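Peer 1: Structure here, sequence nowhere to be found:
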């Protein structure tokens, strides 16, 4: 999906949900969010959902509620995106908590029966750093992180959150290697 594909898919899903008398609120991160915020141009295969919002509270997105899952599958098939373009995989990030202040920084898009909160640039830096450490400096996540042009201060803040996700020594070693590619040292943390 490019930006227009992502918007079309979300708009179509929102219209379908509204026509059936439903409304869902979700939180998206990753490549689709970068596209929708005009922070990237790289196409993506899906919309990564980190949470559903119910009465203002972030809840795990996996499994997607049956009504939402059925509707996203219909839209995906109709638009040639496949039947799982709404990906709740990143919901595991809720286990140790999202970056502090995340909810105040989201940018919100409305699509009839669908409200989508997009992770801010600052929070995307945290998520992309985490994924780059996990998948290496040759990954799309590392490339996305470079594209975001994070400052040393932003990377230091992101690193502190990333270490909450995996405090192991091995992970910290790889984190420092990735940060080193941006000129960030352990003294900056």
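Peer 2: Alright, I've got the coordinates. Everything numeric in this text was worked out from a predicted model, so none of it was measured.

Peer 1: From here on, just use CA atoms for contacts and neighbour counts.
Peer 2: Will do.

Peer 1: and the helix or strand residue 67 falls within, what other elements does it pack with?
Peer 2: Take DSSP states H and E as the rule and residue 67 turns out to sit in helix 66-79. If you count contacts as 3 or more C-alpha pairs under 8 Å, 6 or more residues apart in numbering; DSSP states H and E, helix 66-79 packs onto helix 3-19.

Peer 1: Just the mean pLDDT for the helix it packs on, thanks.
Peer 2: Predicted confidence along helix 3-19 averages 98 (mean pLDDT).

Peer 1: Provide the contact partners of that helix at residue level.
Peer 2: Counting by C-alpha atoms under 8 Å, 6 or more residues apart in numbering, helix 3-19 makes contact with 23, 32, 35-36, 41, 43, 47, 68, 71-72, 75-76, 79, 111-115, all of which sit outside it.

Peer 1: tilt between it and helix 66-79?
Peer 2: Calculated by axes from the mean of the first three to the mean of the last three C-alpha atoms, to 10 degrees, helix 3-19 forms an angle of 130 degrees with helix 66-79.

Peer 1: Relative to the whole chain's centre, how far out is helix 3-19?
Peer 2: In terms of C-alpha atoms, centre = their mean, to the nearest Å, the centre of helix 3-19 is found 18 Å from the chain centre.
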